[in-house]
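1. What shape does this take:
(one chain, ligands or ions: 1)
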Amino acid sequence: MVISVLDSREDVITALCNLVESTSNASIEKNGIFNVGVSGGSLVSFLVKGLPEIKTDFSKWKIFFCDERLVPIDNPDSTFGLYKKQLVDTEIVSLSADQFVTAKQDVTGEEAAQDYAEKLKELVPGNPIPQFDLLLLGMGPDGHTCSLFPGHKILEETNQWVAYINDSPKPPPNRITLTYPVINNANICVFAVCGKDKADVIKKIHVDEEDFPAARVKAVGKVYWIMDKDAGAHLVQ
Ligand SMILES: O=C(O)[C@H](O)[C@@H](O)[C@H](O)[C@H](O)COP(=O)(O)O
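-> Next up, the predicted model:
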């Protein structure tokens with residue numbers, strides 16, 4: 001695990017996108033493609049701000065969602081909708097909407113989870129569990145990541161690659177999410193965390209070693225925690 005506590009949100013964005021650049025170029029050189037999972041929340045704004053600065057062949061990117069809210073794409077709660085509006089439609093980087101892999105719309109939550117799992121099986125090489133080159137994660141003040149919330153039964157899921165929940169404590173309630181079998185099979189996982197509201201749970205995870213959904217994230221390669229000094233307040237002397 002690599003923990004970086006940086007001065008500012010801008011420094012977090014720079015460090016995050018430098019890591020995205022190096023990982024994407026290594027994956028493209030090795031496999032001719034970069035399979036990356038992205039999260040919602042503030043990570044969207046970090047990537048919208050930082051991706052235009054990186055040197056990579058975006059045409060070789062295949063972008064998946066670590067979790068997605070089950071709302072129409074034009075709903076402001078849609079993570080894909082946010083990426084499409086702020087990154088694709090603005091053409092600030094050369095990404096097309098069809099490089100994003102999303103779940104079927106207008107189906108039940110279980111069907112959306114099943115559909116997305118089938119797309120992972122088809123598109124992401126695995127052993128047999130799909131192995132992402134990189135997963136980009138956020139963390140809530142309660143220590144959740146993706147749509148894996150404290151105390152939820154899907155934290156114990158060991159078979160399904162994608163789970164449906166209808167009781168997310170963070171609205172909206174209906175979501176699908178990658179589960180730990182897939183998350184922890186990724187080559188690299190990166191958390192990007194900013195803000196004072198994350199400082200207490202960061203301490204509980206990294207100092208007190210308490211169990212939280214974000215703390216359960218492993219990777220075949222490395223897990224990086226990139227945070228600003230507000231979030232890392234209890235880590236720096
Ligand atoms: O779609 C979502 O809600 C996210 O995937 C979620 O897991 C997010 O990453 C955390 O809630 C942190 O969000 P913030 O960085 O905005 O606090």
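
2. Could you pick out the residues of this protein near the ligand for me?
-> For the chain, the residues found near the ligand under the criterion Cβ under 6 Å from any ligand atom are 39-43, 66-67, 79, 138-140, 144-146, 170. The C-beta positions use only the backbone N, C-alpha and C, and glycine is treated the same way.

3. which helix of this structure spans the most residues?
-> Counting by DSSP state H, the longest helix found in the chain is helix 9-31.

4. in it, what counts as buried?
-> By neighbour count with 16 or more other Cβ atoms under 10 Å, helix 9-31 contains the buried residues 9, 11-17, 19-21, 23-25, 27-28.

5. Setting the sequence-adjacent residues aside, check what's closest to L43.
-> Excluding its sequence neighbours, the residue lying closest to L43 (Cβ to Cβ, 6 or more residues apart in numbering) is G138, at 4.8 Å.

6. Go ahead and confirm V107 touches Y116.
-> No. Between V107 and Y116 there is no contact under Cβ atoms under 8 Å: 10.5 Å.

7. Those two - which one has more neighbours?
-> The neighbour comparison of V107 against Y116 (other Cβ atoms under 10 Å) goes to Y116, with 23 against 13.

8. Skipping adjacent residues, who's closest to that one in space?
-> A103 (4.1 Å).

9. which residues in this protein form helices?
-> 9-31, 42-50, 79-83, 109-123, 180-183, 199-206.

10. picking up where we left off before, of all the buried residues of helix 9-31, which comes closest to Q99?
-> S24 (12.4 Å; Cβ to Cβ).

11. contacting residues for the closest one?
-> Neighbouring residues of S24 by Cβ atoms under 8 Å, 6 or more residues apart in numbering: 34, 36, 54, 56, 60-61, 133-134.

12. Next, give me the two most distant ones among these.
-> Pairwise distances across those (Cβ to Cβ) peak at 14.8 Å, for the pair I54 and D133.

13. neighbour count winner among those two?
-> Set I54 next to D133 and count neighbours by other Cβ under 10 Å: D133 wins out with 24 against 18.

14. doesn't N187 make contact with the more buried one?
-> Yes. Counting by Cβ under 8 Å, N187 is a contact partner of D133 at 5.4 Å.

15. between the two, what contacts are shared?
-> Residues touching both D133 and N187 by Cβ under 8 Å, 6+ apart: none at all.

16. Now tabulate the helices of the chain in JSON lines and tack on mean pLDDT.
-> As requested, the helices of the chain are arranged in JSON lines below (pLDDT from 0 to 100):
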{"stretch": "helix 9-31", "mean pLDDT": "98"}
{"stretch": "helix 42-50", "mean pLDDT": "98"}
{"stretch": "helix 79-83", "mean pLDDT": "97"}
{"stretch": "helix 109-123", "mean pLDDT": "98"}
{"stretch": "helix 180-183", "mean pLDDT": "98"}
{"stretch": "helix 199-206", "mean pLDDT": "98"}
